[in-house]
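Visitor: quick one: sequence and predicted model below, then my questions.
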Amino acid sequence: MGNTLKIQIWSDIMCPFCYIGKRRIEGALQNFEHKDAVEIEWKSFQLDPSFIASPDDNMVEHLAEKYRKDTDWAQEMLDNMTQNAKNSGLDFHFEKAVMANSLHAHRLLHLAKKYNLANDLEELLFKAYLIDGKNINNLDTLKALGLEVGLNAESIDEVLHSNAYANEVQQDINEAQSVGVQGVPFFVFDNKYAVSGAQHVETFVKTLEKVWEEGKFDSKVTVLNTTDGDSCGIDGCN
């Protein structure tokens, strides 16, 4: 076994289950004996790369239109997701959510990754969108979040006012497609086993223990036959 067990996580800020999945993998690590030997690498994924937000966008109406259902159905879906989040200690406020394209946020995350700050920024971005009702496509908002995690103001401006890291974002998405990612969150453990969706903490703990016990080697990624976890795909969340 190498000195580090690496977990790659494909995620989109716009995916509520990705934030829940983050909390659950963190909970699993708290119950994993070798947690100090685990490295997490965040990978970019966009559920809707072509999405263009408008000031009148409303989450309930958007879901109703997307699924061709009524607004009562959409509200119930969000209520169920909110309760799911509470079970992981998160307090979602979809009524405040500002729908946005996540490309700029992903580009900033790649800058943060360069300084080992991606996990901290990922947390703030999720919180900004799903709890605080901030626009994560707004450059001033992104700069403030970048500064909060310790990024340099000049570096942030250089990224946000250019096309920097756009290729890296696309590379992550292409890699996701090659691995077989159809929804996020998607977790790959030591390039060996993959787990799809926001699985329960116990499932993640068992996977961590399995990978650690078997040792580290490169192989084709195998998707473990776990109960389907909650995830978001290009067609929506379920």
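Guide: Sure, I can see it.

Visitor: with just CA atoms, put stretch 115-123 into PDB.
Guide: Once non-C-alpha atoms are left out, stretch 115-123 reads as follows in PDB (Å, rounded to 0.1, in the frame of the first residue of the first chain):
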ATOM      1  CA  TYR A 115      -2.300  25.900  -3.800                       C
ATOM      2  CA  ASN A 116      -4.100  22.900  -2.100                       C
ATOM      3  CA  LEU A 117      -7.100  25.100  -1.400                       C
ATOM      4  CA  ALA A 118      -9.700  23.400  -3.600                       C
ATOM      5  CA  ASN A 119     -11.400  21.600  -0.800                       C
ATOM      6  CA  ASP A 120     -11.900  24.800   1.200                       C
ATOM      7  CA  LEU A 121     -13.200  26.700  -1.900                       C
ATOM      8  CA  GLU A 122     -15.500  23.800  -2.800                       C
ATOM      9  CA  GLU A 123     -17.100  24.100   0.600                       C
END
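
Visitor: so which bits of that stretch are buried?
Guide: In terms of neighbour count (16 or more other Cβ atoms under 10 Å), stretch 115-123 has its buried residues at 117-123. For every residue, glycine as well, the C-beta is placed using N, CA and C.

Visitor: can you put those residues in a markdown table and add pLDDT?
Guide: Formatted as a markdown table, the buried residues of stretch 115-123 follow (pLDDT from 0 to 100):
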| residue | pLDDT |
| --- | --- |
| L117 | 98 |
| A118 | 98 |
| N119 | 98 |
| D120 | 98 |
| L121 | 98 |
| E122 | 98 |
| E123 | 98 |
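
Visitor: distance to K206 and secondary structure for the residues you listed - can I get that in CSV?
Guide: Shown next, in CSV, are the buried residues of stretch 115-123 (distance: Cβ to Cβ, whole Å; DSSP: H, G, I helix; E, B strand; the rest coil):
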residue, distance to K206, secondary structure
L117, 30, coil
A118, 26, helix
N119, 23, helix
D120, 27, helix
L121, 29, helix
E122, 24, helix
E123, 25, helix
